[in-house]
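Asks: Okay, structure incoming, though there's no sequence with it:
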């Protein structure tokens, strides 16, 4: 019997591998036109079935591109498959349909395999199928433009299915999740087996959709060159998605833009997100997957976030009529870590981004996670409606019993320019007693705010100056000691949670190893509050800091401070204190 030589066999194996790779590449290059599968693109006829047939055909062929020629494609839920690209041509719009008894509705929110976890995150974070486009346990998926996804007709800010926890600042909730009879989470999960829960009841009305794109436990996902309009609760909810790339995506929506939850190896670049009613780009680390999983290895570069009126960003009118978001703190539209923060945030870089008519940068961990190794640089902001920089370590503890207090450490923020900031909110670094925020460096920062406040305002907390949504509970409104704002340890984290603060430039409480260099803060109208207040800070080093101040106002208030130094500070001799219990400088 003839036996090939080892060399010949190796060559045959190589040729076979190349042939298979070529066939796979050709399969991926294959195009599946949705019109060829029955889609009309007339904006009136429901095209859901035709689109899903095209996707099924591409999947059966081993993968490929599902193409949407110019037209308007009315649809309910589109179910993604692996090795698939959705391509929306120029002039193509995927339009979310309005549920009705005649047309039907979106896919029902699937049971959450971990049971009733809505006490750990909102209903919207715990379900993915009730979306215009969704995928689960997939790889090699792309949605690319230059077409548009339009949720204005069919996606809602909060879908309600009867019970459960609704979103912050608005009504709506959802059902309990379920676990199959006898099932329990795997041993690797940190959540205990849930109590039995009733299955999600059959809907008596067509199911509403509340997300444009929802992805769960996927790998190698790309969104590029598309535009998204008025997308309900989320333009994108990505949970447990690794190797995620968002490039040149434009979002103009009425609630969250990008929610990147418990994801790893994420690249967000060249994106513009307008989200006046909620966060524009937000990293989260919720318990939606049944365990605490960090959001890590993330870069956000060359992006803009804004809070213009929803729908006026993509049309270029940039209207500013909306004065307050659902939580009354003003337009949101920011970059944020949290609020869901069970798994923490690690190894993250944000660079070359702009903020306009929005809240500032927020780094929050309140559910036991750790924020560490963060670098933020080259940021410009204007018309900022709360603190330009807000670091908060809290103890909301929205997680399994025994959830510890988290940590924030090794955060570097540099080269930040802020114009026309709200005077009520200085830069804020706020930890907890015995849980200080550690190793924060602020450098090369220039801020101009409107000024006009006094310590009397801080003591009295006048209602017209204080947000009433977050300031709930005893002791949160004046009169009060201006230098003893409430700890509000378990409160929802927002700069307004402390009311008016006694510093106009920088307020730091419960921190360790703070470095501030080359920071300038000025105001347009006189502000008689101290420029900087440090309270329970161990290791505070200031160099080349320039703060506007009224003639009688101190530059520094030091309360329970140790190892303090200041050098080359305008209007203050070089100073060193081993301890300072209550001192003005």
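Replies: Alright, I've got the coordinates. Note that the coordinates shown come from a computational prediction; the quantities given were computed from them, not determined experimentally. Numbering: from 1, shown residues only.
Asks: Endpoint to endpoint, stretch 385-398 covers what distance?
Replies: The stretch stretch 385-398 measures 27 Å between its terminal residues, going by Cα to Cα, to the nearest Å.
Asks: Report the distance from it to the chain centre.
Replies: In terms of Cα atoms, centre = their mean, to the nearest Å, the centre of stretch 385-398 is found 13 Å from the chain centre.
Asks: tell me the mean pLDDT over it?
Replies: Mean pLDDT, computed over stretch 385-398, is 96.
Asks: again with stretch 268-282
Replies: Summarised as a single mean, pLDDT over stretch 268-282 is 97.
Asks: so how far is that stretch from its chain's centroid?
Replies: Counting by Cα atoms, centre = their mean, stretch 268-282 comes out at 8 Å from the chain centroid.
Asks: One more: stretch 60-74?
Replies: Computed by Cα atoms, centre = their mean, the separation of stretch 60-74 from the middle of its chain amounts to 30 Å.
Asks: buried stuff in that stretch?
Replies: 63, 64, 65, 66, 67, 68, 69, 71, 72, 73, 74 (16 or more other Cβ atoms under 10 Å). Backbone N, C-alpha and C define where each C-beta goes, glycine included.
Asks: With adjacent residues omitted, what lies nearest to the first one?
Replies: Excluding its sequence neighbours, the residue lying closest to residue 63 (Cβ to Cβ, 6 or more residues apart in numbering) is residue 83, at 2.9 Å.
Asks: tally of neighbours for that neighbour?
Replies: 19 (other Cβ atoms under 10 Å).
Asks: Check the one 3 residues further on too.
Replies: Using other Cβ under 10 Å, residue 86 has 27 neighbouring residues.
Asks: where's it relative to residue 493, distance?
Replies: Distance, residue 86 to residue 493, by Cβ to Cβ, to the nearest Å: 36 Å.
Asks: go on, residue 334?
Replies: When Cβ to Cβ is the yardstick, residue 334 and residue 493 sit 13 Å from each other.
Asks: for stretch 575-585, the distance to its chain's centre please.
Replies: For stretch 575-585 - counting by Cα atoms, centre = their mean - the centre lies 38 Å from the chain centre.
Asks: To clarify, my last question referred to stretch 431-446.
Replies: Relative to its parent chain, stretch 431-446 has a centroid offset of 21 Å by Cα atoms, centre = their mean.
Asks: Not counting it itself, show me its contacts.
Replies: Stretch 431-446 has contacts (Cβ atoms under 8 Å, 6 or more residues apart in numbering) with 389, 391, 393-395, 405, 407-418, 427, 429-430, 487, 489, 509-520, 536-538.
Asks: Buried residues, that stretch. List them.
Replies: Neighbour-count burial for stretch 431-446, with 16+ other Cβ under 10 Å as criterion, is recorded at 431-432, 435-446.
Asks: Now, those that are in strands?
Replies: Cross-referencing those against strands under DSSP state E gives 437, 438, 439, 440, 441, 442, 443, 444, 445, 446.
Asks: Widest-spaced pair of those?
Replies: In terms of Cβ to Cβ, those reach their longest pairwise distance at 438 and 446, which sit 25.4 Å apart.
Asks: rewinding a little: out of residue 334 and residue 493, which sits in the busier spot?
Replies: Under the neighbour definition other Cβ under 10 Å, residue 334 and residue 493 were set side by side, and residue 334 has more, 26 against 23.
Asks: residue contacts, the more buried one?
Replies: Applying Cβ under 8 Å, 6+ apart to residue 334 gives the contacts 279, 280, 281, 305, 307, 355, 358, 359, 360, 361, 362.
Asks: I'd like to know how many residues surround the first one.
Replies: Right, residue 279. The burial metric for residue 279, expressed as a neighbour count using other Cβ under 10 Å, is 25.
Asks: Can you pull the phi and psi angles for it?
Replies: Backbone dihedrals for residue 279, given as degrees, to the nearest 10, come out at phi -80, psi 140.
Asks: re the thing from before, any chance of CSV for the buried residues of stretch 431-446, columns pLDDT and distance to residue 50?
Replies: Supplementary listing: these in CSV, determined by pLDDT from 0 to 100; distance: Cβ to Cβ, whole Å:
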residue, pLDDT, distance to residue 50
431, 98, 55
432, 98, 55
435, 98, 56
436, 98, 58
437, 98, 54
438, 98, 56
439, 98, 56
440, 98, 54
441, 98, 55
442, 98, 55
443, 98, 56
444, 98, 55
445, 98, 54
446, 98, 55
